[in-house]
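[1] I'd like to go over a predicted model; first the sequence, then the structure.
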There are 2 protein chains.
Amino acid sequence: MYRLNLINSITGYKSANMIGTKSNSGDENLAIFSSITHLGSNPALLHFTLRPNTVPRDTYKNIKENNVFTVNHVSLAQIEQAHHTSAKYEEEISEFDQTLLKPEYKVNWYAPFVEGSPIALGCRYLNEYDIKENGCVLIIAAIEHIFVEKKLLQKDGWVKLESGKVVAINGLDGYALPELQKRLEYARPNQIKKKR
Amino acid sequence: MYRLNLINSITGYKSANMIGTKSNSGDENLAIFSSITHLGSNPALLHFTLRPNTVPRDTYKNIKENNVFTVNHVSLAQIEQAHHTSAKYEEEISEFDQTLLKPEYKVNWYAPFVEGSPIALGCRYLNEYDIKENGCVLIIAAIEHIFVEKKLLQKDGWVKLESGKVVAINGLDGYALPELQKRLEYARPNQIKKKR
């Protein structure tokens, strides 16, 4: 446990997202992830990792069945409910039934979104890479739909996460609320000189 | 630019780390990254992505030469300096000379650490995966050394990032300071019932 806590927190803050999926037989699933990362903007791609498939992983199974999933940001008010989606439930049990989180269906997307998330993405599975160093699987997906509360979206496309009280994860179980300090200009080779 | 800002901020907060490397000919390099993510704790692994190698990437070149690099967390006081390492300098120019950040050598590690970073890791390149969807490269590395300020490290191995004023990145250029809200218990299947 010491090692788990240490290594999970030592790389810094991570995004807090709930991935929503639905099996072809109609079972909904919702699970919290902290490894979702932007991969590229054109095409719009993200990636995340799944632990070794030694035990059933509903999220993975559902995505493989129909290729779609949703990414829903965790906001301050959702912390406890979002964290609870990490509990191990049988496949037929929906985390939507075991928490106060509610599924929301829109744009004909097969996978459920989470009602009230300040940002939600409709994503499509593209590929996976087996990470042979530890048996994890890296999933690559296209971002096909973006839902973002109006007050977060700035004129230049930048999304001010703070305005949605979006949280970040510290380790396995620490939830932190970031406060914006500043946005900086595009960095160009400069002026700053210093003697070594 | 709108697309870049949007897609870079839409996946949530990201870690703020500076990667330190040194070429075999002795040129130091320091560059900020926001894609470093924990991959597994046993063995202790992390990964990060590099954009397509269509232009010279000093970080990648140096890592390929001698396999080692450092990961140094950005703390509140280092934001401007850390951000400036994203400016494009020629290979012979060290970001340590162009910013107020100072290299620090320890444990005989060939790559430079950043003096004053609250957390620093000595990492060894293990493998890379070409992400064919957009030409990025995913680097897998082993965490071999961990330096963490004493006040951050808790009894159970959890590292309280807040105590080091470690920042998170929002998009390409937004720096935020997270405040811990709570640590939650390990989630077990539960009690919470609700009617749909």
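    Received, thanks.
[2] give the contact list for residue A:134.
    If a contact means C-beta atoms under 8 Å, 6 or more residues apart in numbering or on different chains, then residue A:134 has A:52, B:39-40, B:43, B:45 as its contacts. No exception for glycine: its C-beta is placed from N, CA and C like everyone else's.
[3] of those, just the buried ones, PyMOL syntax please.
    Here is the PyMOL command that picks out the buried ones among the contacts of residue A:134, judged by 16 or more other C-beta atoms under 10 Å in any protein chain shown:
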select buried, chain B and resi 39+40+45
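[4] could the contacts of residue A:134 go into CSV alongside secondary structure and pLDDT?
    Shown next, in CSV, are the contacts of residue A:134 (DSSP: H, G, I helix; E, B strand; the rest coil; pLDDT from 0 to 100):
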residue, secondary structure, pLDDT
A:52, coil, 76
B:39, strand, 96
B:40, strand, 95
B:43, coil, 96
B:45, strand, 98
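[5] make CSV out of the contacts of residue A:134 and add distance to residue B:2.
    Output for the contacts of residue A:134, formatted as CSV (distance: C-beta to C-beta, whole Å):
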residue, distance to residue B:2
A:52, 39
B:39, 32
B:40, 36
B:43, 41
B:45, 35
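[6] so what does the helix or strand of chain A with the lowest mean pLDDT touch, helix or strand wise?
    Lowest on mean pLDDT, DSSP states H and E among the helices and strands of chain A sits helix A:95-98, with a mean of 93. Packing partners of helix A:95-98 (3 or more C-beta pairs under 8 Å, 6 or more residues apart in numbering or on different chains; DSSP states H and E): strand A:28-33.
[7] report how many residues lie close to residue A:124.
    16 (other C-beta atoms under 10 Å in any protein chain shown).
[8] which one is it nearest to, not counting chain neighbours?
    Of all residues not flanking residue A:124 in the chain, residue A:142 sits nearest, at 4.8 Å (C-beta to C-beta, 6 or more residues apart in numbering or on different chains).
[9] does the one you found sit in a helix, a strand or a coil?
    Secondary structure assignment for residue A:142 (DSSP: H, G, I helix; E, B strand; the rest coil): strand.
[10] tally of neighbours for it?
    Residues lying near residue A:142 (other C-beta under 10 Å) number 18.
[11] likewise for the one 3 residues further on?
    By other C-beta under 10 Å, the residues close to residue A:145 number 15.
[12] strands of chain A, start to end?
    If DSSP state E is used as the criterion, the strands of chain A fall at A:14-15, A:17-22, A:28-33, A:37-41, A:44-50, A:68-73, A:103-104, A:113-114, A:119-131, A:136-148, A:168-170, A:174-183.
[13] switch those strands over to TSV; also include distance to residue B:154.
    Listed next are the strands of chain A as TSV, based on distance: least, C-beta to C-beta, whole Å:
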stretch	distance to residue B:154
strand A:14-15	18
strand A:17-22	25
strand A:28-33	21
strand A:37-41	26
strand A:44-50	25
strand A:68-73	27
strand A:103-104	36
strand A:113-114	31
strand A:119-131	29
strand A:136-148	26
strand A:168-170	11
strand A:174-183	10
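[14] between these, which one is closest to residue B:24.
    Of all these, strand A:119-131 sits nearest to residue B:24, with 27.7 Å by C-beta to C-beta.
[15] residue A:130 against residue A:52, yeah?
    No - assessed by C-beta atoms under 8 Å, residue A:130 is found out of contact with residue A:52, at 9.9 Å.
[16] so for the residue nearest to residue A:124, what pLDDT did the model give?
    Note on residue A:142: pLDDT of 98.
[17] one more: residue A:189?
    For residue A:189, the model assigns a pLDDT of 88.
[18] so what's it up against?
    So residue A:189 contacts B:87-89, B:93, B:98 (C-beta under 8 Å, 6+ apart).
[19] ok, 7 Å please
    Residue A:189 makes contacts with B:87-89, as judged by C-beta atoms under 7 Å, 6 or more residues apart in numbering or on different chains.
[20] ok, residue A:128 next?
    Applying C-beta under 7 Å, 6+ apart to residue A:128 gives the contacts A:137-140.
[21] give me the low-pLDDT residue ranges for chain A?
    Scanning chain A for pLDDT under 70 picks out the ranges A:53-56, A:191-196.
[22] try 80 this time
    Counting by pLDDT under 80, chain A shows low-confidence ranges at A:52-56, A:190-196.
[23] pretty sure residue A:101 sits against residue A:31.
    No - with contacts counted by C-beta atoms under 7 Å, residue A:101 stays clear of residue A:31, the gap being 11.3 Å.
[24] ok, the two, which is more surrounded?
    Using other C-beta under 10 Å as the criterion, residue A:101 and residue A:31 rank with residue A:101 on top: 26 against 22.
[25] ok, now how distant is that one from residue B:58?
    Relative to residue B:58, residue A:101 is positioned 45 Å away (C-beta to C-beta, to the nearest Å).
[26] between the contacts of residue A:134, which is nearest residue B:171?
    Nearest to residue B:171, judged by C-beta to C-beta, of those is residue B:39 at 23.4 Å.
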